[in-house]
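**Q** Quick check, what structure comes out for this input:
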Amino acid sequence: MIQRSSNKESLGSRLFAIANNLILILIALACLLPFINIIASSFSSTQEMMERRFMLFPTTFSLDAYKYILSTSTIFKGLAVSIGTTAVGTVVSMILTSTMAYGLSRKYLPGRNVINFLVVFSLLFSGGMIPTFLVVKSMGIINSYWALILPVAINAFNMIIMRNFFQALPDDLEESAKIDGCNDLGIFFKIMLPLALPSIATISLFYAVAYWNTYMNAILYLTDSAKWPIQVLLRQIVIVSSGMQAEGASVDIVPPAQTIKMAVIVVATVPMLICYPFVQKHFNKGALMGAVKG
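**A** So this is what the prediction gives:
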């Protein structure tokens, strides 16, 4: 009797695993196929793009859309601006977020509950576009790259995840370090930060993606078009290409606007996809450990 029950359970477990894997594969394909279509469409020819609405591989390979996008040196300057803003902004955000998260994770910090309440309050309510613009203007960083970094230097959600990660670490580590004569900065840099590498990798990816996708802040705070990041320039390319086709420009000179849109998505997405594998092994651990303990 027991053996039969065990066999039934094992068979049921195997069937559940098979069904679960099939469902996950279908979900993965549902997420992956549209992106494959975007890549294939960006490399398709003018005629094929007009004839086929959906494709997984272009029958006629063409680089016209990418040649059009990369035909001006402005796009490379925009890439440099986005890369620099993403790199500097991520470092600044991680320094501010990690130090604030560690401080708020210590139960003996005076006024800790009040500050935590203000952080959560800012997560639910914000001043809005106009008050934020006035603050940025009063700081004197209009038309400066710092306008893309400082207003969003600390994200409340990311800070809460990292604070919870520090709270999950044993208090005995800090007590032992203090007995050995280590001060607060030494405890933070020599003990806590090395243990928080999974959380740091995860939050860094969140910040990097946010800085790379900067669009609205650039429109609001950068009056000089030469300082625009890649996202704004790519949007301008799409608008210009659509306008030229509406005016009757030659298709040989300007590829279809739809093909250019697909190429723009690829150019804007691939750099972050390249960075993701380097932090993937830390991603799940960092997000889960920061979200379990409140």
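**Q** the domain parsing of this protein - what is it?
**A** Per the record, the chain has its domains at 17-62, 80-221, by automatic domain parsing.
**Q** Packed most tightly, which of these would that be?
**A** Comparing those by mean neighbour count (mean count of other Cβ atoms under 10 Å), domain 80-221 ranks first with a mean of 16. Bear in mind the C-beta positions are built from the backbone N, C-alpha and C, glycine included.
**Q** Would you mind checking the average pLDDT for that domain?
**A** Domain 80-221 carries an average pLDDT of 87.
**Q** what about it, how long is it end to end?
**A** 18 Å (Cα to Cα, to the nearest Å).
**Q** same thing with stretch 210-219?
**A** Span of stretch 210-219 from end to end, Cα to Cα: 15 Å.
**Q** which residues sit against it?
**A** Applying Cβ atoms under 8 Å, 6 or more residues apart in numbering, the external contacts of stretch 210-219 come out as 82, 85-86, 89-90, 93, 147-149, 151-152, 155, 227-229, 231-232, 235, 268, 271-272.
**Q** Find the nearest non-adjacent residue to residue 100, please.
**A** residue 159 (5.9 Å; Cβ to Cβ, 6 or more residues apart in numbering).
**Q** Now the one you found: which helix or strand?
**A** helix 156-168 (DSSP states H and E).
**Q** Tell me how far the very next helix or strand once past that helix lies from the chain's centre.
**A** Later in the chain than helix 156-168, the nearest helix or strand by DSSP H and E is helix 171-179. The chain centre lies 35 Å from the centre of helix 171-179; the measure is Cα atoms, centre = their mean, to the nearest Å.
**Q** on that earlier part again, of the domains of the chain, give the one that comes closest to residue 264.
**A** domain 17-62 (8.4 Å; Cβ to Cβ).
**Q** so for the closest one, what's the average pLDDT?
**A** For domain 17-62, the per-residue pLDDT averages 82.
**Q** Check stretch 228-241 too.
**A** Averaging pLDDT along stretch 228-241 gives 79.
**Q** For it, buried residues please.
**A** Within stretch 228-241, the residues scored as buried using 16 or more other Cβ atoms under 10 Å are 228-235, 237-238, 241.
**Q** What would it look like as CSV? C-alpha coordinates only.
**A** In CSV, the C-alpha atoms belonging to stretch 228-241 read as follows (Å, rounded to 0.1, in the frame of the first residue of the first chain):
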residue,chain,number,x,y,z
TRP,A,228,21.0,65.0,-25.2
PRO,A,229,21.4,61.3,-24.3
ILE,A,230,20.9,58.5,-26.7
GLN,A,231,17.2,57.9,-25.9
VAL,A,232,16.3,61.5,-26.9
LEU,A,233,18.4,61.4,-30.1
LEU,A,234,16.8,58.1,-31.1
ARG,A,235,13.4,59.5,-30.6
GLN,A,236,14.3,62.5,-32.8
ILE,A,237,15.6,60.2,-35.5
VAL,A,238,12.3,58.4,-35.6
ILE,A,239,10.4,61.7,-35.8
VAL,A,240,12.6,63.1,-38.6
SER,A,241,12.5,59.9,-40.6
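**Q** This completes my enquiry, with thanks.
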